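Novice: Please find the sequence and the predicted model below.
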Amino acid sequence: MKKSSIWFLLLFTLLSCKTNNSGNKEIINSNISNTISHTEDKGIIAQDSSSPFNIPKAIQKYYSGLTFPMDNKKLYEELAAHTISKHTNFLGYGERHKYLYNIDEDPQNEKNVILIYSGNSRNKKEYSSGKNPHKIQTFNTEHVYPQSKIQNTARGDLHHLRVCDQKINSQRSNHPFTEGKGVYKLINGNSWYPGDEWKGDVARMIMYLNLRYNEPFSEVGNLDLFLKWNAEDTVSEIEKQRNMIIEKVQGNRNPFIDNPYLATFIWGGKKAENRWE
């Protein structure tokens with residue numbers, strides 16, 4: 001990639017991004033440079049140029065200004081710049097308590113949340129915190145991309161924080177993801193299978209972390225695995241709910257929830273659902 005193209009992308013990102021502290025601009029500059037390097041060796045996946053994406057009306061405003069180039073490197077760069085620039089509210093990790101329990105709310109019971117991996121519906125009051133006066137505390141916060149492997153503001157990013165049973169969260173620890181079958185399980189004592197009903201959710205969250213922060217896939221599994229899961233486990237209602245509410249809180253969305261096929265177009269692998277046909 002020519003240097004002039006890189007600087008144009010950096011300039012575009014700085015001009016379009018609104019941030020609540022000066023340090024975030026340095027993070028954005030670094031992420032864009034890493035994004036360009038990350039996709040440099042990828043090939044082009046052919047697509048009929050006469051059939052552009054048909055973005056649903058409800059999210060057309062959010063994606064306005066994007067060209068969705070039919071070149072996977074350019075699309076990755078454009079989506080990364082857009083996702084970064086739309087992220088205007090940077091939350092500290094402690095602030096999650098204000099939002100997470102509404103984000104993960106059980107669609108069938110507003111008093112409960114849905115726990116990742118187990119799928120259990122649990123009373124919102126049972127969250128684990130020293131400041132929680134409720135005597136029964138059974139669930140805490142799972143970093144789908146382990147916080148021990150994160151070196152930036154992703155620690156408080158709601159797009160990969162999920163409520164989780166405390167015992168299951170401890171069992172998962174910071175183990176990388178691996179292939180499996182059935183319900184969640186620890187495999188060989190050092191790897192984690194999230195379960196058939198959650199593997200797509202996990203894949204799309206990990207892809208978001210790569211797009212937004214350039215977090216490597218190799219720290220938590222591998223890209224081929226996540227592409228497979230993204231195709232096999234379609235977007236759930238809880239994912240759609242989370243994406244909508246998190247946009248209102250942080251300003252940005254997870255584009256792989258809006259359209260899983262974007263991941264196929266960028267990285268290849270088994271074709272995922274194209275929700276913008």
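Specialist: Received the coordinates, thanks. What you see is a predicted model; the values in this text were computed from it and never measured.
Novice: now stretch 245-264: how far from the chain's centre is it?
Specialist: Computed by CA atoms, centre = their mean, to the nearest Å, the chain-centroid distance of stretch 245-264 equals 7 Å.
Novice: in the protein, which helix or strand is least confident?
Specialist: helix 23-39 (a mean of 39; mean pLDDT, DSSP states H and E).
Novice: wait, isn't N230 in contact with V202?
Specialist: No - N230 is not in contact with V202 according to CB atoms under 8 Å; the separation is 9.4 Å. C-beta here means a position set from N, CA and C on the backbone, and glycine is covered the same way.
Novice: Give the residue from the two that has the larger number of neighbours.
Specialist: Neighbour comparison, N230 and V202: the larger count goes to N230, with 30 against 27 (by other CB atoms under 10 Å).
Novice: if you skip the residues just before and after it, what's nearest to the more buried one?
Specialist: Leaving aside its chain neighbours, N230 sits nearest to A203 (4.3 Å; criterion: CB to CB, 6 or more residues apart in numbering).
Novice: From Y62, how far out is the one you found?
Specialist: 22 Å (CB to CB, to the nearest Å).
Novice: So for those two, which residue has more residues nearby?
Specialist: Neighbours per residue (other CB under 10 Å) separate A203 from Y62, with A203 holding more: 29 against 17.
Novice: pLDDT averaged over the host helix or strand of that one - what is it?
Specialist: Per DSSP states H and E, A203 falls inside helix 199-213. Averaged across helix 199-213, the pLDDT comes to 98.
Novice: so what does it touch, helix or strand wise?
Specialist: Helices and strands touching helix 199-213, by 3 or more CB pairs under 8 Å, 6 or more residues apart in numbering; DSSP states H and E, are helix 23-39, helix 72-86, helix 223-232, helix 237-250, helix 255-258, helix 261-267.
Novice: now with 6 Å?
Specialist: Here helix 199-213 touches helix 72-86, helix 223-232, helix 255-258, going by 3 or more CB pairs under 6 Å, 6 or more residues apart in numbering; DSSP states H and E.
Novice: now those helices in TSV, with distance to G119?
Specialist: Formatted as TSV, those follow (distance: least, CB to CB, whole Å):
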stretch	distance to G119
helix 72-86	28
helix 223-232	16
helix 255-258	18
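Novice: Return the most buried member of those helices.
Specialist: Neighbour counts (mean count of other CB atoms under 10 Å) averaged over each of those peak at helix 255-258, with a mean of 25.
Novice: Quick one: residues in contact with that one.
Specialist: Helix 255-258 has contacts (CB atoms under 6 Å, 6 or more residues apart in numbering) with L79, R204, M207, V235, E239, N243, L262, A263.
Novice: One more pass at 8 Å, please.
Specialist: 59, 79, 83, 203-204, 207-208, 211, 230, 235, 239-240, 242-243, 262-263, 275-276 (CB atoms under 8 Å, 6 or more residues apart in numbering).
Novice: Between the helices and strands packed on helix 199-213, which one is closest to T178.
Specialist: Closest of the helices and strands packed on helix 199-213 to T178 is helix 223-232, at 7.4 Å (criterion: CB to CB).
Novice: hey, C-alpha coordinates of the closest one in CSV?
Specialist: Output of helix 223-232 as CSV, limited to C-alpha atoms (Å, rounded to 0.1, in the frame of the first residue of the first chain):
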residue,chain,number,x,y,z
LEU,A,223,-9.4,-17.2,12.2
ASP,A,224,-10.5,-20.3,10.3
LEU,A,225,-12.4,-21.5,13.4
PHE,A,226,-14.2,-18.2,13.9
LEU,A,227,-15.1,-18.0,10.2
LYS,A,228,-16.6,-21.5,10.5
TRP,A,229,-18.6,-20.6,13.6
ASN,A,230,-19.8,-17.4,12.1
ALA,A,231,-21.3,-19.3,9.2
GLU,A,232,-22.7,-22.2,11.2
